[in-house]
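Trainee: I would like to see how this sequence folds:
(2 chains)
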2 protein chains.
Amino acid sequence: MKRRSFLKGSAAAGLASTAVASPAIAQSMPELKWRLAASWPKSLDHLWGAVELFARTIGELTDNRFQIRPSAAGEIVPPLQVLDAVQAGTIEMGHSIGNYYFGKEVALAFDTGVPFGLNMRGHLCWLNHGGGIELMREVYKNYGVVTYVMGGTGAQMGGWYRKEINTVEDLNGLKFRVSGFPGRILTKLGVVPQTLAAGDVYPALERGAIDAVELVGPYDDEKLGFNKVAKYYYYPAWWEGGTSQTLYINDKAYDSLPPAYRKLVNTVADYVTQWMIGALRPDQPAGAAPAGASGTVLKPFPRPVLDACYKATLQTYDEMSAQSPAFKKIYEAWNAFRAEEQLWFRVAENSFDSFMYTQSARQ
Amino acid sequence: MKRRSFLKGSAAAGLASTAVASPAIAQSMPELKWRLAASWPKSLDHLWGAVELFARTIGELTDNRFQIRPSAAGEIVPPLQVLDAVQAGTIEMGHSIGNYYFGKEVALAFDTGVPFGLNMRGHLCWLNHGGGIELMREVYKNYGVVTYVMGGTGAQMGGWYRKEINTVEDLNGLKFRVSGFPGRILTKLGVVPQTLAAGDVYPALERGAIDAVELVGPYDDEKLGFNKVAKYYYYPAWWEGGTSQTLYINDKAYDSLPPAYRKLVNTVADYVTQWMIGALRPDQPAGAAPAGASGTVLKPFPRPVLDACYKATLQTYDEMSAQSPAFKKIYEAWNAFRAEEQLWFRVAENSFDSFMYTQSARQ
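Mentor: All right, here's what the predicted structure looks like:
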């Protein structure tokens, strides 16, 4: 405040005003050119769209003084090595998910969202207001990055299955393309998790090399044609009730940012999250409706199957807590938050939603 | 882009660079001092907090070149006349809700959220991605303002009642302090809606001049002491399943803004929405838990009561459509969006939530 008053005093001298103001702007809004590598191909339009929106908005709000050049998966950095590249300082920023680095540290899964966890609003609330992001940053500090929440996908679908899942026994021997954390849980029930790049799934499913696959939701899944080779579409993805993506910034690069740019990054990242959660939604029903028409059978997982998966999940949490002190610490804090959150949500939010869905089912 | 290349060319001349850059900044980021009047007292910390966060962030991101001075309810403008003051140009900006101006035009209710409407995510999705804000701006144009969504409260509670509501008949003759739109619906079921300022509710409820009151949720309601004079706390507020607040900008003031400031206002308003939805939540369970302990009986509205209210709501929608062409137009578009939205939400989101709440109820 004092600095600005001083500047105003000088400005009173007359024409010098614009010239005098400029060093302050130059100092608080320096010209920067940064690179941001994403884990997503350009074809995943919401994830890639989030990255583009972020870069464009930062430019617009700084009169293009802070320029961020985004690159898609594999252009500069392989999709699963974004964290490593930001840590090394090869690039200043990355957009990815903690789940991809689960092999380095299982606790990073909490940054993305964990099985039988919080829904979208609850997860964002935990990260931004429930102490979550502070806990995650303690872990990420070991990888030389500062993080912000950027993007969210809501509850996902449980995947496409060639055969019905009627009992817990039907999971036994199932070759299921599924991500790391739920994969580890499902092995307890006899599932054989498969790791396949998205582009390799269709042929494997078609020839029966795998029995089932989960990816995102109707919009993305049907682009890949899964509905043509697997009849049963199950819900929900109990391992992805509400997931978010993360913006990584190299810590030395972050330290070099003036306060206005730090605030800008935070503000725009939240703006992008808000955009993405909304943008993803209107596209989903368009995908779900043809699914029903084209012979797809849409089914909820049977309750005993969900119960068995839930039990196996709690066991896995205990095992991971024993394996990683970081996981244990975060799990305990997160679990306390979850109990409180669900106590409130169960009352007003869920009673409202349930009534509305019953009405909508009647129509 | 061309302009910037040109500037860079000049900058290459040497020391002149900062001085040369300054006219561009001065043009795109002029010094402005605006006033913003809110409809909220400072005691409603999330609503007032949203206003303060907005003003502070705009200042931080412009090196204080764009200064917004917020004022609380009644300081400059009476709380229910914020729209009028922005229209008149007395102030450049306001923070309020469309529902307060329901008397001018019933269609403005859609801006806030309507009875048996969308939940928080659905409502924001409709406004920001489903064509909602464009429809609302057409209506607000008649009042000389440009709008942005800023803030959201999630599903609210159905209020405090001195007697149990067991049947539809129990609503007959009930003197209920409730806002305009649900009040109009409830008259069909014999309710006598009451208009009282928040500060006058406690004594009226204590001496039995009114039978029931709805305000927000446990956090705010218990500050006002309703739990001490009414035993039954019902849920959900079917008239407020997901509500948002609105930032008003005088249209001439808006037209005078450079593009970077327009984008800034949009970005920061979404950032504030994201903040508020999260911030409001962790406070609610703290209120709900003591409610149970202090003799309050927490109850869902009986299903036949909800069904009767739903039926009366659909009738009221038809009446309002006949009364206002703007209402009719928006209702039809909104209703189509709602059907699609619920089709998708019922599948993945609700099946996930319902399972989790059952688990949480077992604990």
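Trainee: Every contact and neighbour count from this point should use C-alpha atoms.
Mentor: Will do.
Trainee: and whatever residue of the stretch 51-200 of chain A ends up closest to chain B, what element?
Mentor: Nearest residue of the stretch 51-200 of chain A to chain B: A:Cys125, at 4.6 Å (C-alpha to the nearest C-alpha). Secondary structure assigned from DSSP states H and E places A:Cys125 in helix A:120-129.
Trainee: can you give me how far the following helix or strand past that helix is from the chain middle?
Mentor: Once helix A:120-129 ends, the next helix or strand along the chain (criterion: DSSP H and E) is helix A:132-140. Mean-position distance between helix A:132-140 and its chain equals 15 Å (C-alpha atoms, centre = their mean, to the nearest Å).
Trainee: what packs against helix A:132-140?
Mentor: The helices and strands touching helix A:132-140, judged by 3 or more C-alpha pairs under 8 Å, 6 or more residues apart in numbering or on different chains; DSSP states H and E, are helix A:109-112, helix A:120-129, strand A:145-154, helix A:325-362.
Trainee: Could you list the paired strands of the helix or strand hosting A:His95 along with their orientation?
Mentor: Assigned by DSSP H and E, A:His95 belongs to strand A:93-96. Applying DSSP bridges, strand A:93-96 is found paired with strand A:32-38 (parallel), strand A:243-250 (antiparallel).
Trainee: Tell me the residues of the stretch 201-350 of chain A that contact chain B?
Mentor: A:235-238, A:241, A:260-261, A:263-264, A:267-268, A:270-271, A:274-275, A:277-279, A:281-282, A:284-285, A:288, A:300, A:339-344, A:346-350 (C-alpha under 8 Å from any C-alpha of the partner chain).
Trainee: Okay, now the unreliable bits of the stretch 201-350 of chain A?
Mentor: Applying pLDDT under 70 to the stretch 201-350 of chain A flags the ranges A:281-294.
Trainee: Spell out the residue ranges of the helices in it.
Mentor: With DSSP state H, counting those that start in this stretch as the criterion, the stretch 201-350 of chain A has helices at A:218-223, A:226-229, A:251-255, A:259-293, A:303-323, A:325-362.
Trainee: now those in CSV, with mean neighbour count and distance to A:Asn119?
Mentor: Formatted as CSV, these follow (neighbours: other C-alpha atoms under 10 Å in any protein chain shown; distance: least, C-alpha to C-alpha, whole Å):
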stretch, mean neighbour count, distance to A:Asn119
helix A:218-223, 18, 19
helix A:226-229, 21, 25
helix A:251-255, 16, 30
helix A:259-293, 20, 12
helix A:303-323, 16, 16
helix A:325-362, 18, 10
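Trainee: Let's see the strand holding A:His95 as CSV, backbone CA atoms only.
Mentor: Coordinates of each C-alpha in strand A:93-96 appear next as CSV, following Å, rounded to 0.1, in the frame of the first residue of the first chain:
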residue,chain,number,x,y,z
MET,A,93,4.7,-27.5,-15.2
GLY,A,94,2.8,-30.7,-15.7
HIS,A,95,-0.8,-31.9,-15.6
SER,A,96,-1.3,-35.5,-14.5
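Trainee: Distance from the chain centre to the helix holding A:Cys125, please.
Mentor: Distance of helix A:120-129 from its chain centroid, counting by C-alpha atoms, centre = their mean, is 12 Å.
Trainee: what do you get for stretch A:193-213?
Mentor: With C-alpha atoms, centre = their mean, you get 23 Å for stretch A:193-213.
Trainee: got it, and stretch A:115-127?
Mentor: Chain-centre distance of stretch A:115-127: 11 Å, with C-alpha atoms, centre = their mean.
Trainee: Same check on stretch A:134-143?
Mentor: Using C-alpha atoms, centre = their mean, the offset of stretch A:134-143 from its chain centre is 17 Å.
Trainee: For it, buried residues please.
Mentor: For stretch A:134-143, a neighbour-count test (16 or more other C-alpha atoms under 10 Å in any protein chain shown) marks A:Leu135, A:Met136, A:Arg137, A:Val139, A:Tyr140, A:Tyr143 as buried.
Trainee: I'd like those residues as CSV, with pLDDT appended.
Mentor: Below are those laid out as CSV (pLDDT from 0 to 100):
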residue, pLDDT
A:Leu135, 98
A:Met136, 98
A:Arg137, 98
A:Val139, 98
A:Tyr140, 98
A:Tyr143, 98
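Trainee: which of those residues lies closest to B:Glu60?
Mentor: Within the buried residues of stretch A:134-143, distances to B:Glu60 taken as C-alpha to C-alpha reach their minimum at A:Arg137, with 23.7 Å.
Trainee: Of the helices and strands packed on helix A:132-140, which is nearest A:Leu205?
Mentor: The closest of those to A:Leu205 is strand A:145-154. By C-alpha to C-alpha, the value is 24.8 Å.
Trainee: quick one: strands adjacent to the helix or strand that that closest one is followed by?
Mentor: On the C-terminal side of strand A:145-154, the nearest following helix or strand under DSSP H and E is strand A:159-161. Strand pairing for strand A:159-161, using DSSP bridges, gives strand A:212-213 (antiparallel), strand A:232-235 (antiparallel).
Trainee: if you compare these, which one is most tucked away?
Mentor: Among the strands paired with strand A:159-161, strand A:212-213 has the highest mean neighbour count (mean count of other C-alpha atoms under 10 Å in any protein chain shown), at a mean of 28.
Trainee: which residues touch that one?
Mentor: With contact meaning C-alpha atoms under 8 Å, 6 or more residues apart in numbering or on different chains, strand A:212-213 is reached by A:Gly159, A:Trp160, A:Tyr161, A:Arg162, A:Leu174, A:Lys175, A:Phe176, A:Arg177, A:Val178, A:Val201, A:Leu205, A:Ala230.
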